[in-house]
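Q: Model the following, please.
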Amino acid sequence: MTSTTRLPKAEIKGPVGWVLTALIRRQFGAVPEAVTVLWHNRPVLFATARFGRQVSTWHRLDRNLQTYAHMVVASLVGCSWCLDFTYSMAHVEGLDEAKASEVPRWRESTVFTPLERDVMEYAEAMSETPPRVTDDVSERLLRELGAPALVELAAIVGFANSTTRANIALGIESEGFSTACTVPLAPPPDRTATSA
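A: The predicted structure is shown next:
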C-alpha cells in the first residue's frame, strides 16, 4: 500500500520499539500506519494509546452505544481510519455488527432504536462546530442512561474527536481492518446531492 500520510513513516526501532511492534502485531496482525506516524513523537503516541486503553475499560455506557458514538464522529469528521478500525473492533468484540455496519447512514437506516438514535444525534451534535447539543436530547439521554453514562458518552465523543481530527490532519487513512467483518460497512449517504 502506498503511504497517504502527510509525514513519512518513522522507523520503529530500539528495545521499546521492538516490544511495541511485537505486541501490536500479535493483537492486530500488522503495525498500523498511524503508529509509524505517531512514532515521530513517542510521548504523544504513548499518551494517546494509554488514554484509548483507559476509554476501553469504561463500562457505564453500553459497549454498542460507545461504538456507535465513536463511529458517528469518525463518519461525520471523515476519518476513514477510525471508522474502519472501530468497526473492525466491534466485530472482534462480538458486538452487533449488523447495526454497527449501518452507522455511517444512521439517519436513513431503520435498524436503530430511539435510544441508539439519541446517542448518535448527541455524538454528531457535540462534534459540530459550534456544538449544537440540545437540552431535549440531553434530557432524554439523562433519563434513559443516567448521569454517569451521559458523562462517559460526552468523554468518548471528545476522545473520538481528538483522534479522528488528528488522523485527518496527519493524512492517516483506512487500512482495511474491517474487511474481516462479515457485514460490509455501509457507505455514508451523499450529502452533496441536491434535491430536484
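
Q: Can you mark which positions in stretch 65-81 are buried?
A: By neighbour count with 16 or more other CB atoms under 10 Å, stretch 65-81 contains the buried residues 65-77, 79-81. All C-beta atoms are positioned from the backbone trio N, CA, C, and that covers glycine.

Q: Which of these fall within helices?
A: 65-77, 80-81 (DSSP state H).

Q: so which of these comes closest to residue 31?
A: Nearest to residue 31 among these, counting by CB to CB, is residue 81 at 13.6 Å.

Q: show me what contacts residue 72?
A: 103, 106, 120, 123-124, 127 (CB atoms under 8 Å, 6 or more residues apart in numbering).

Q: And the pLDDT at it?
A: Turning to residue 72, the model gives it a pLDDT of 97.

Q: what's the answer for residue 189, then?
A: pLDDT, residue 189: 74.

Q: these two touch, right, it and residue 106?
A: No. The criterion here is CB atoms under 8 Å, and residue 189 misses it with residue 106 at 9.8 Å.

Q: between those two, who's got more neighbours?
A: Ranked by neighbour count (other CB atoms under 10 Å), residue 189 and residue 106 place residue 106 first, with 24 against 13.

Q: out of the buried residues of stretch 65-81, which one sits closest to residue 28?
A: Distances from residue 28 to the buried residues of stretch 65-81, taken by CB to CB, are shortest for residue 81, at 12.7 Å.

Q: That closest one contacts residue 174, doesn't it?
A: Yes. Look at residue 81 against residue 174 with CB under 8 Å: they come within range, at 5.4 Å.

Q: that older thread, among the contacts of residue 72, which one sits closest to residue 9?
A: residue 127 (28.4 Å).

Q: wait, what's in contact with the closest one?
A: Counting by CB under 8 Å, 6+ apart, residue 127 has contacts 72-73, 76-77, 157, 160-161.

Q: Kindly export the top helix by length along the chain (C-alpha atoms) in CSV.
A: Of all the segments of type helix in the chain, defined by DSSP H, the longest one is helix 147-170. Extracted in CSV, the C-alpha atoms of helix 147-170 (Å, rounded to 0.1, in the frame of the first residue of the first chain):
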residue,chain,number,x,y,z
ALA,A,147,-25.7,10.8,34.7
PRO,A,148,-22.6,8.5,34.9
ALA,A,149,-23.3,7.1,31.4
LEU,A,150,-24.0,10.5,29.9
VAL,A,151,-20.7,11.8,31.3
GLU,A,152,-19.0,8.8,29.7
LEU,A,153,-20.7,9.4,26.4
ALA,A,154,-19.5,13.0,26.3
ALA,A,155,-15.9,11.9,27.2
ILE,A,156,-16.0,9.2,24.5
VAL,A,157,-17.2,11.7,21.9
GLY,A,158,-14.4,14.1,23.0
PHE,A,159,-11.8,11.4,22.7
ALA,A,160,-13.1,10.4,19.3
ASN,A,161,-12.9,14.0,18.0
SER,A,162,-9.3,14.2,19.2
THR,A,163,-8.2,11.1,17.4
THR,A,164,-10.3,11.5,14.2
ARG,A,165,-9.2,15.1,13.7
ALA,A,166,-5.5,14.3,14.3
ASN,A,167,-5.6,11.4,11.9
ILE,A,168,-7.2,13.5,9.2
ALA,A,169,-4.6,16.3,9.7
LEU,A,170,-1.8,13.8,9.5
